[in-house]
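Q: just to be clear, the model below is a prediction. Sequence and coordinates:
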Number of protein chains: 4
Amino acid sequence: MSHIVRNQSKLLARTRRIGGQVAAIEKALAEGAECAAILTQVAAVRGAVQGLLLELMSEHLQEHVADESRRDLRKKEIDTVMSLFRSYMK
Amino acid sequence: MSHIVRNQSKLLARTRRIGGQVAAIEKALAEGAECAAILTQVAAVRGAVQGLLLELMSEHLQEHVADESRRDLRKKEIDTVMSLFRSYMK
Amino acid sequence: MSHIVRNQSKLLARTRRIGGQVAAIEKALAEGAECAAILTQVAAVRGAVQGLLLELMSEHLQEHVADESRRDLRKKEIDTVMSLFRSYMK
Amino acid sequence: MSHIVRNQSKLLARTRRIGGQVAAIEKALAEGAECAAILTQVAAVRGAVQGLLLELMSEHLQEHVADESRRDLRKKEIDTVMSLFRSYMK
């Protein structure tokens, strides 16, 4: 069973919370709410998405690298994860 | 008219796109999709939220600082924006 | 007097500390030290440089935007700062 | 031979370049140089340190996880790397 399926309900709950935060931003924009409040909401979504990403990455490394018996596949998977990191970390 | 109202349709479109991306992640999780693909989707949402945040911040500084005639209010607003930056930039 | 000159000793002290941290990493590398320790040292330098950047940015906005009486120069300076942010924030 | 020793000259060259950049910032501060230029220099150092960190992390994962034959040590090492990521990524 993959770590996605094993942690499905936890990951889904976390993603739905983020979806709810984004819907709240949409509502605030539609109502022309005060911009400092919207800025804070968007910063909070960024933090929530970052947290979800780190959790998925950790689980991914544990399952597809630590639990992988073949050395060549471990090396390949680490390259995949590192290129993802480089793509969004400056 | 505030920059939120003035740019409402552009900001709403951008936020709805992010909402759509989050819904797609939820669907992928529910279907137990392949985790490397989900990782990439979440990294993309992080980039999209970051872009929205920088756009809002730029507009906020232009309207509430550059266009603000009172020096004391400009100084106060800059402190607000910088504390937001510090809160999510390590 | 510019904010650089006004805060010179504080900024110089902070920069020298970062220089010392980098020299310590160089020494650790030369001695073939344990890599987890070096990783932690480099992460600490990244945090210190980030802190220096945010401090300079805040002072820059206060002096060259909040204290600037001309609106057109304020707007131009905000664009400069935001493009710096975009250049290193993904 | 550890990846630190194996890549020593490359890592030392990279670290010395960063040291040189920091020394240049110190000189600019001492001379009361123009702050936008100093801001750009500090942002460049942040990018260089980030690059060094990602390189070390990738090598660390390859040597201490991919090349590690014991599963329990692989799992432990991944936790170490992920906690480092969490400590500086918000």
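A: All right, it came through fine.
Q: secondary structure element for residue A:53?
A: Element membership for residue A:53 (DSSP states H and E) is helix A:35-61.
Q: how about the residues of chain A by chain D?
A: Residues of chain A lying close to chain D by C-beta under 8 Å from any C-beta of the partner chain are A:47, A:50, A:54, A:57-58, A:61-62, A:65-67, A:71, A:74-75, A:78-79, A:81-82, A:85-86, A:89-90. Every C-beta, even on glycine, is put in place using the N, C-alpha and C of the backbone.
Q: residues near the closest residue to residue A:79 other than its chain neighbours, how many?
A: Spatial nearest neighbour of residue A:79, chain neighbours left out: residue D:58 (7.8 Å); criterion: C-beta to C-beta, 6 or more residues apart in numbering or on different chains. Residue D:58 has 18 neighbouring residues, counting by other C-beta atoms under 10 Å in any protein chain shown.
Q: re earlier: in the helix holding residue A:53, what's buried?
A: Within helix A:35-61, the residues that qualify as buried are A:35, A:38-39, A:41-46, A:48-50, A:52-53, A:55-61, counting by 16 or more other C-beta atoms under 10 Å in any protein chain shown.
Q: cool, and stretch A:1-20?
A: A:3-4, A:7-8, A:11, A:14-15, A:18-19.
Q: could you dump these to CSV with secondary structure?
A: CSV is the format used below for those (DSSP: H, G, I helix; E, B strand; the rest coil):
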residue, secondary structure
A:3, helix
A:4, helix
A:7, coil
A:8, helix
A:11, helix
A:14, helix
A:15, helix
A:18, helix
A:19, helix
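Q: which residue in the residues you listed has the weakest pLDDT?
A: On pLDDT alone, residue A:3 ranks lowest of the buried residues of stretch A:1-20, at 82.
Q: so who does that one touch?
A: By C-beta atoms under 8 Å, 6 or more residues apart in numbering or on different chains, the residues touching residue A:3 are A:59-60, A:62-63, B:35.
Q: can you pick out the most distant pair from the residues you listed?
A: Greatest spatial distance among the contacts of residue A:3 (C-beta to C-beta): A:62 and B:35, at 11.1 Å.
Q: in contact with the residue nearest to the spatial centre of chain A, which residues?
A: Nearest residue to the geometric centre of chain A (C-alpha atoms, centre = their mean): residue A:53, 2.5 Å. Contact analysis of residue A:53 by C-beta under 8 Å, 6+ apart lists B:39, B:42-43, B:46.
Q: just to check, residue A:75 is in contact with residue D:65?
A: No. In this structure, residue A:75 is not within contact of residue D:65 by C-beta atoms under 8 Å, at 9.2 Å.
Q: so which of the two has more stuff around it?
A: Using other C-beta under 10 Å as the criterion, residue A:75 and residue D:65 rank with residue D:65 on top: 24 against 16.
Q: and the more buried one, what pLDDT?
A: Looking at residue D:65, its pLDDT stands at 95.
Q: can you check residue A:81 too?
A: Looking at residue A:81, the pLDDT reads 89.
Q: what is the burial count for it?
A: Residues lying near residue A:81 (other C-beta under 10 Å) number 20.
Q: which residues does it contact?
A: Residues in contact with residue A:81 (C-beta under 8 Å, 6+ apart) are A:57, A:60-61, A:65, B:39, D:61.
Q: which residues touch stretch A:64-74?
A: Contacts of stretch A:64-74 (C-beta under 8 Å, 6+ apart): A:77-78, A:81, B:35, D:61, D:65-67, D:71, D:74-75, D:78.
Q: pLDDT below threshold where in chain A?
A: A:88-90 (pLDDT under 70).
Q: tell me the contacts of the closest residue to residue A:41 other than its chain neighbours?
A: Leaving aside its sequence neighbours, residue A:41 sits nearest to residue A:25 (C-beta to C-beta, 6+ apart; 5.1 Å). Residues near residue A:25 by C-beta under 8 Å, 6+ apart: A:38, A:41-42, A:45, B:15.
Q: also residue A:16?
A: Neighbour list for residue A:16: residue B:26 [criterion: C-beta under 8 Å, 6+ apart].
Q: what helix or strand is it on?
A: Per DSSP H and E: helix A:8-30 holds residue A:16.
Q: angle of that helix against helix A:35-61?
A: Relative orientation of helix A:8-30 and helix A:35-61, computed by axes from the mean of the first three to the mean of the last three C-alpha atoms, to 10 degrees: 160 degrees.
Q: dump helix A:8-30 to PDB, keeping only the CA atoms.
A: Extracted in PDB, the C-alpha atoms of helix A:8-30 (Å, rounded to 0.1, in the frame of the first residue of the first chain):
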ATOM      1  CA  GLN A   8      -5.100   9.300   2.500                       C
ATOM      2  CA  SER A   9      -7.600  10.600   5.100                       C
ATOM      3  CA  LYS A  10      -4.900  12.800   6.800                       C
ATOM      4  CA  LEU A  11      -3.700  14.200   3.500                       C
ATOM      5  CA  LEU A  12      -7.200  14.700   2.200                       C
ATOM      6  CA  ALA A  13      -8.200  16.500   5.400                       C
ATOM      7  CA  ARG A  14      -5.200  18.800   5.000                       C
ATOM      8  CA  THR A  15      -5.800  19.500   1.400                       C
ATOM      9  CA  ARG A  16      -9.500  20.200   2.000                       C
ATOM     10  CA  ARG A  17      -8.500  22.800   4.700                       C
ATOM     11  CA  ILE A  18      -6.300  24.500   2.100                       C
ATOM     12  CA  GLY A  19      -9.200  24.400  -0.400                       C
ATOM     13  CA  GLY A  20     -11.400  26.100   2.200                       C
ATOM     14  CA  GLN A  21      -8.700  28.800   2.900                       C
ATOM     15  CA  VAL A  22      -8.500  29.500  -0.900                       C
ATOM     16  CA  ALA A  23     -12.400  29.700  -1.100                       C
ATOM     17  CA  ALA A  24     -12.300  32.200   1.800                       C
ATOM     18  CA  ILE A  25      -9.800  34.400  -0.100                       C
ATOM     19  CA  GLU A  26     -12.000  34.200  -3.200                       C
ATOM     20  CA  LYS A  27     -15.000  35.400  -1.100                       C
ATOM     21  CA  ALA A  28     -12.900  38.200   0.500                       C
ATOM     22  CA  LEU A  29     -11.800  39.400  -2.900                       C
ATOM     23  CA  ALA A  30     -15.300  39.200  -4.300                       C
END
